[in-house]
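*Asks:* I would like to see how this sequence folds:
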Amino acid sequence: MTTFSVRKFFAAAAVAVCLPFAPHVASAAPAANLPDFTDLVDKVGPAVVNIRTTARVPTSQRGLPPGLDDGDMSEFFRRFFGIPMPQSPQTPQSPRGGQGGGGQDSSPDSGGNDAEQSSGVGSGFILSADGYVMTNAHVVDGADSIYVTLTDKREFKAKLIGVDDRTDVAVVKISASSLPAVTIGDSNKVRVGEWVVAIGSPFGLENTVTAGIVSAKGRDTGDYLPFIQTDVAVNPGNSGGPLINMQGEVIGINSQIYSRTGGFMGISFAIPIDEAMRVADQLKSTGKVVRGRIAVAIGEVTKDVADSLGLPKAQGALVSSVEPGGPADKAGIQPGDIILKFNGQSVDAATDLPRMVGDTKPGTKATVTIWRKGQTRDLPITVAEMQTDKTAKADQKPVPAPKPRASNALGIAVSDIPEDQLKSLKLRSGVQIDAVEGPAARAGLQKGDIVLRVGDTDIKSAKQFEEVASHLDSQKMVAVLVRRGENTQFVPLRPRAATK
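*Replies:* Purely as a prediction, here's the structure:
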């Protein structure tokens, strides 16, 4: 303590001595006012809850490694590594401290054969005073029992109202009244750079507050929804907690992080509250979410594909396969089409289309604008109801690398496909790749792939393919429509110059 005081004294003396010798130095600019989150936390904090889940397991089942908190770490392994928690011989469980209701994580059933063991921990927030609580679907996934703990330490066993895995939203209900509820904001008004706050239970530490800024909007992570990206510290246990703006309004649900370690690395993602509330309203009224579908598999439109097809910019959703007899098939949509608009709304990225279609009521008549062979077409379509996810799967069988035998500009050797085989593949035309080299090999084409179109020309025979390939301009990219398994996609190739 003495040393610290001495150093502090000399530092102060040095400042006092130096200041008189710099009378003309401009005074430092006043520090910018930093946000004060105290009132915001006082307002919203009481409506944020801790959620823990339990599952009934045989008492003989192996438990968790000694010294590890089962609830926190099981979610850590499941959510961020996609694997179950490593197991070891079970040790006796003790009650969770500070849970108000004093519920235990392990209690034998009446028959003595099963035990209630903690299976996860997360956060949530109260939507209404009568006890509806929103959280993430992955927080309550696989739970036999759900417990909600309030900031005043009261604990309630919750009833699961509904879960939507596609958006990772769940709603549960507790038997209580006059509860503090959050105020729902407008995620469409979120601005990049604004301050935001997260409240939750990272690693089971209830009512933890972290702050940061919105880093990006509409971030596509491959999920159904575009996320709000922030630099707010979010860790396992924060899942399901609210993301709050400076007005004290909930604008998102903290759901994911980008990490190479499983812990926070400066990037976190939140589900926009507008989308979450649409899901929650359906879950509260019917217990499930009804979505529309048009039965296509789609892919992204890259700049190379757009340039080779004459599109002004890389936009839209590339149709890779069409379900036979589905709405898209009946509307005349074909593999290789690019969907530019759905019911008048522009499809800027492929991930926009599933959201647009999903938000459309089944039975609705809509218009799809497609790009095909250099022209746009409007096709009427009737949206169907989504029952189960149907994803076209590509053939995963490895194909031995062929000996280079293709001498044309694309580096592709092809052969005709028998009529009966075309019929079984539900194709009108196409040729089969026998060997690849050069541009085609570098692009990842394989023996067994089927070439359907080169540029805007449908390929009907091997002879025609060779003729088309011989007239390609080596200075321009060309889009080759290729089918592999059940997937169809454009592969942009740059033809090689003819050798002299």
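
*Asks:* Show the subsequent helix or strand relative to the helix or strand harbouring residue 468.
*Replies:* With secondary structure defined by DSSP states H and E, residue 468 is part of helix 462-470. Note on helix 462-470: by DSSP H and E, the next helix or strand toward the C-terminus is strand 478-484.

*Asks:* before we move on, back to that, which strands or helices does the helix holding residue 468 pack on?
*Replies:* Helices and strands touching helix 462-470, by 3 or more CB pairs under 8 Å, 6 or more residues apart in numbering; DSSP states H and E, are strand 412-416, strand 450-454. Every residue, glycine included, has its C-beta placed from N, CA and C.

*Asks:* one more time with 6 Å
*Replies:* If you count contacts as 3 or more CB pairs under 6 Å, 6 or more residues apart in numbering; DSSP states H and E, helix 462-470 packs onto strand 412-416.

*Asks:* for the strand it packs on, what is the average pLDDT?
*Replies:* Averaged across strand 412-416, the pLDDT comes to 91.

*Asks:* could you give the mean pLDDT of the helix or strand just after that strand?
*Replies:* Remark: after strand 412-416, the chain's next helix or strand is helix 419-424, criterion DSSP H and E. With pLDDT averaged residue by residue, helix 419-424 scores 85.

*Asks:* List every C-alpha atom in helix 419-424, with coordinates, as PDB.
*Replies:* Output of helix 419-424 as PDB, limited to C-alpha atoms (Å, rounded to 0.1, in the frame of the first residue of the first chain):
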ATOM      1  CA  GLU A 419     -33.900 -42.000 -73.700                       C
ATOM      2  CA  ASP A 420     -35.100 -44.400 -71.000                       C
ATOM      3  CA  GLN A 421     -32.400 -43.000 -68.600                       C
ATOM      4  CA  LEU A 422     -33.500 -39.400 -69.400                       C
ATOM      5  CA  LYS A 423     -37.000 -40.400 -68.600                       C
ATOM      6  CA  SER A 424     -36.100 -42.000 -65.300                       C
END
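
*Asks:* Need the pLDDT of the nearest residue to residue 194 once chain neighbours are set aside.
*Replies:* The shortest distance from residue 194 to any non-neighbouring residue, by CB to CB, 6 or more residues apart in numbering, is to residue 214 (5.3 Å). Residue 214 is assigned 96 on the pLDDT scale.

*Asks:* could I have the helix or strand hosting residue 214 exported to PDB, CA atoms only?
*Replies:* Using DSSP H and E, residue 214 sits in strand 208-219. Only the C-alpha atoms of strand 208-219 are listed here, as PDB (Å, rounded to 0.1, in the frame of the first residue of the first chain):
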ATOM      1  CA  THR A 208     -25.500 -10.600 -15.800                       C
ATOM      2  CA  VAL A 209     -25.400  -7.400 -17.900                       C
ATOM      3  CA  THR A 210     -23.100  -6.900 -20.900                       C
ATOM      4  CA  ALA A 211     -23.100  -4.000 -23.400                       C
ATOM      5  CA  GLY A 212     -21.700  -3.200 -26.800                       C
ATOM      6  CA  ILE A 213     -22.800  -2.000 -30.200                       C
ATOM      7  CA  VAL A 214     -24.700  -3.300 -33.200                       C
ATOM      8  CA  SER A 215     -22.000  -4.500 -35.600                       C
ATOM      9  CA  ALA A 216     -24.200  -5.400 -38.600                       C
ATOM     10  CA  LYS A 217     -27.800  -6.100 -39.700                       C
ATOM     11  CA  GLY A 218     -29.300  -8.800 -41.800                       C
ATOM     12  CA  ARG A 219     -26.300 -11.100 -41.200                       C
END
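
*Asks:* Provide the strand pairings for the following helix or strand past that strand, with the direction of each partner.
*Replies:* Remark: after strand 208-219, the chain's next helix or strand is strand 227-230, criterion DSSP H and E. Strands adjacent to strand 227-230 in the sheet, as given by DSSP bridges, are strand 208-219 (antiparallel), strand 268-272 (antiparallel).

*Asks:* Can you list the strands that the helix or strand following strand 227-230 pairs with?
*Replies:* Proceeding N to C from strand 227-230, the next assigned helix or strand is strand 242-244, under DSSP H and E. Paired neighbours of strand 242-244 in the sheet (DSSP bridges): strand 195-200 (antiparallel), strand 249-257 (antiparallel).

*Asks:* so can I have CSV of those strands showing distance to residue 289?
*Replies:* Below are the strands paired with strand 242-244 laid out as CSV (distance: least, CB to CB, whole Å):
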stretch, distance to residue 289
strand 195-200, 24
strand 249-257, 15
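
*Asks:* Please name whichever of those strands is nearest to residue 240.
*Replies:* strand 249-257 (6.3 Å; CB to CB).

*Asks:* Contacts for the closest one next, please.
*Replies:* With contacts defined as CB atoms under 6 Å, 6 or more residues apart in numbering, strand 249-257 is touched by 136, 168, 182-185, 187, 190, 198, 228, 234, 238, 241-245, 264, 268-273, 276.

*Asks:* try it again with 7 Å
*Replies:* Residues from elsewhere that reach strand 249-257, judged by CB atoms under 7 Å, 6 or more residues apart in numbering: 125, 134, 136, 168, 182-185, 187, 190, 198, 200, 221, 228, 234, 238-245, 264, 267-273, 276.

*Asks:* Of these, just the buried ones, ChimeraX syntax please.
*Replies:* For the buried members of the contacts of strand 249-257, the matching ChimeraX selection, counting by 16 or more other CB atoms under 10 Å, is:
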select :125,134,136,168,182,184,185,187,190,198,200,228,234,238,239,240,241,242,243,244,245,264,267,268,269,270,271,272,273,276
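
*Asks:* Near the closest residue in space to residue 157 that isn't next to it in sequence, how many other residues are there?
*Replies:* Counting by CB to CB, 6+ apart, residue 157 lies nearest to residue 147, which is 5.9 Å off, once chain neighbours are set aside. Taking other CB atoms under 10 Å as the criterion, the count of residues near residue 147 is 25.

*Asks:* cool, residue 141 as well?
*Replies:* Residue 141 has 17 neighbours, counted by other CB under 10 Å.

*Asks:* And residue 415, by the same measure?
*Replies:* Other residues near residue 415 come to 12 when the count uses other CB under 10 Å.

*Asks:* and if you look at residue 295?
*Replies:* Counted with other CB under 10 Å, residues neighbouring residue 295 total 22.

*Asks:* thought residue 328 was touching residue 293?
*Replies:* No - the pair residue 328 and residue 293 fails to qualify as a contact (CB atoms under 7 Å) at a distance of 9.2 Å.

*Asks:* of these two, who's got more company?
*Replies:* Set side by side, residue 328 and residue 293 show more neighbours around residue 328, with 26 against 22, by other CB under 10 Å.

*Asks:* Checking that one next. Helix, strand or coil?
*Replies:* Using DSSP: H, G, I helix; E, B strand; the rest coil, the structure places residue 328 in helix.

*Asks:* ok, it - contacts?
*Replies:* Applying CB under 7 Å, 6+ apart to residue 328 gives the contacts 294, 295, 296, 322, 381.

*Asks:* same deal with residue 311?
*Replies:* Counting by CB under 7 Å, 6+ apart, residue 311 touches residue 371.

*Asks:* picking that back up, to residue 345, which of the strands paired with strand 242-244 lies closest?
*Replies:* With CB to CB as the criterion, residue 345 lies closest to strand 249-257 of these, at 22.6 Å.

*Asks:* Show me which residues of the closest one are buried.
*Replies:* Here strand 249-257 shows 249, 250, 251, 252, 253, 254, 255, 256, 257 as buried, counting by 16+ other CB under 10 Å.

*Asks:* now for the strands paired with strand 242-244, which one comes closest to residue 300?
*Replies:* strand 249-257 (20.5 Å).
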